[in-house]
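Q: Could you work out the structure for the sequence below:
(one chain, ligands or ions: 3)
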Amino acid sequence: MDCAADPAGLTVSGISRERVIRVGRDILGKNDRIAADNRARFLADDMLVFNLVSSPGAGKTSLLVRAVSELKQSWRLGVIEGDQQTSNDAERIRATGVPAIQINTGKGCHLDAAMVSEAYRRLPSLKRGILFIENVGNLVCPAAFDLGEACKIVVLSTTEGEDKPLKYPEMFAASSLMLINKIDLARLVDFDLSQTVEYARRVNPRIEVLTISARTGEGFAALYAWIGKQAADQIHPVVGAAP
Ligand SMILES: Nc1nc2c(ncn2[C@@H]2O[C@H](COP(=O)(O)OP(=O)(O)OP(=O)(O)O)[C@@H](O)[C@H]2O)c(=O)[nH]1
Ligand SMILES: [Mg+2]
Ligand SMILES: [Zn+2]
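A: Ligands and ions are numbered 1, 2, ... in the order given. You can find the predicted model right below:
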């Protein structure tokens with residue numbers, strides 16, 4: 001059993017359902033304790049931390065490359081990248097001059113709080129800055145693993161179809177912001193924006209929504225304003241006002 005995100009829903013042949021549930025709960029309980037430690041650490045360091053989640057290829061790294069290139073003028077930034085294999089994504093971030101730590105989860109399908117704790121220790125001091133965590137591309141179990149973040153941002157691209165919030169409700173229910181990426185392709189794929197927003201609000205009435213294109217930069221000013229709003233209560237910009 002690799003992923004214990006929903007122990008009540010798991011079955012493993014040869015092992016009683018009760019034991020599967022108990023093991024799953026133990027894993028999540030341990031994760032929650034480490035996540036609480038991470039959260040305390042981030043608070044002590046005045047850090048604003050976002051956990052980016054999506055299906056593979058929705059555009060998390062592309063939007064982060066654009067965002068950190070622009071936000072680095074005003075904020076101390078760091079990125080933790082999670083993938084099963086390769087350090088491609090961390091290298092894409094480092095090319096912007098922003099520090100990035102790659103975590104390879106191997107057979108694992110999500111980041112957990114212990115992995116983030118270890119990676120955060122390896123980053124340079126980011127006090128009063130912003131840490132972006134790019135989770136493994138997976139719309140299922142990253143929803144259940146708290147990393148100590150301020151909030152989750154779910155990225156949904158226009159090419160994935162409108163019904164993803166209904167099919168993977170846990171992720172959309174756990175997220176504060178839905179970024180609809182690849183809006184430059186919306187017309188090409190007959191993407192129905194209002195239908196997607198309606199589905200997302202059905203599982204999470206409070207979810208905020210922004211449309212962006214990591215390719216063209218459309219919508220990024222609004223994204224930076226949203227980040228600035230989150231930061232206003234928690235931390236102070238390193239240089240001048242938040243963008
Ligand atoms: N047209 C278009 N393509 C995009 C956009 N954002 C990302 N892409 C493309 O989508 C593909 C996947 O982008 P990534 O940024 O690697 O996606 P990801 O979510 O980081 O992928 P994983 O880390 O593998 O889960 C790449 O070919 C990008 O060039 C966008 O806004 N518009
Ligand atoms: Mg990526
Ligand atoms: Zn998993």
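Q: who's in contact with the host helix or strand of residue 102?
A: Secondary structure assigned from DSSP states H and E places residue 102 in strand 100-104. Residues outside strand 100-104 that contact it (CB atoms under 8 Å, 6 or more residues apart in numbering): 78-87, 89-91, 93-94, 111, 115-116, 119, 122-123. Every residue, glycine included, has its C-beta placed from N, CA and C.
Q: how about 6 Å then?
A: 79-82, 85, 87, 90, 93-94, 115, 119, 122-123 (CB atoms under 6 Å, 6 or more residues apart in numbering).
Q: For ligand 1, tell me whether that strand is touching it.
A: No - in terms of CB under 6 Å from any ligand atom, no part of strand 100-104 sits within range of ligand 1; the closest distance is 11.1 Å.
Q: Any idea how far whatever helix or strand comes next after that strand is from the middle of the chain?
A: The helix or strand immediately downstream of strand 100-104 is helix 113-122, counting by DSSP H and E. Chain-centre distance of helix 113-122: 15 Å, with CA atoms, centre = their mean, to the nearest Å.
Q: between the helix or strand just after helix 113-122 and helix 113-122, how big is the angle?
A: The helix or strand immediately downstream of helix 113-122 is strand 130-134, counting by DSSP H and E. Per axes from the mean of the first three to the mean of the last three CA atoms, to 10 degrees, the angle that strand 130-134 makes with helix 113-122 is 130 degrees.
Q: Distance from strand 130-134 to the middle of the chain?
A: What separates the centre of strand 130-134 from the centre of its chain is 8 Å, taken as CA atoms, centre = their mean.
Q: Can you list the strands that it pairs with?
A: In the sheet, strand 130-134 lines up against strand 48-54 (parallel), strand 77-83 (parallel) (DSSP bridges).
Q: could the ones you listed be laid out in TSV, adding mean pLDDT and distance to ligand 1?
A: Formatted as TSV, the strands paired with strand 130-134 follow (pLDDT from 0 to 100; distance: least, CB to the nearest ligand atom, whole Å):
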stretch	mean pLDDT	distance to ligand 1
strand 48-54	98	5
strand 77-83	98	6
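Q: how about the strand holding residue 102: buried residues?
A: Neighbour-count burial for strand 100-104 flags 100-103 (criterion: 16 or more other CB atoms under 10 Å).
Q: residues contacting whichever residue of the chain sits closest to ligand 1?
A: With CB to the nearest ligand atom, the shortest gap between the chain and ligand 1 falls at residue 137, namely 2.6 Å. For residue 137, the contact set (CB under 6 Å, 6+ apart) comprises 55-56.
Q: tell me the pLDDT at it?
A: Here the pLDDT value assigned to residue 137 is 97.
Q: Could you look up the SS state of it?
A: In three-state terms, and counting by DSSP: H, G, I helix; E, B strand; the rest coil, residue 137 is coil.
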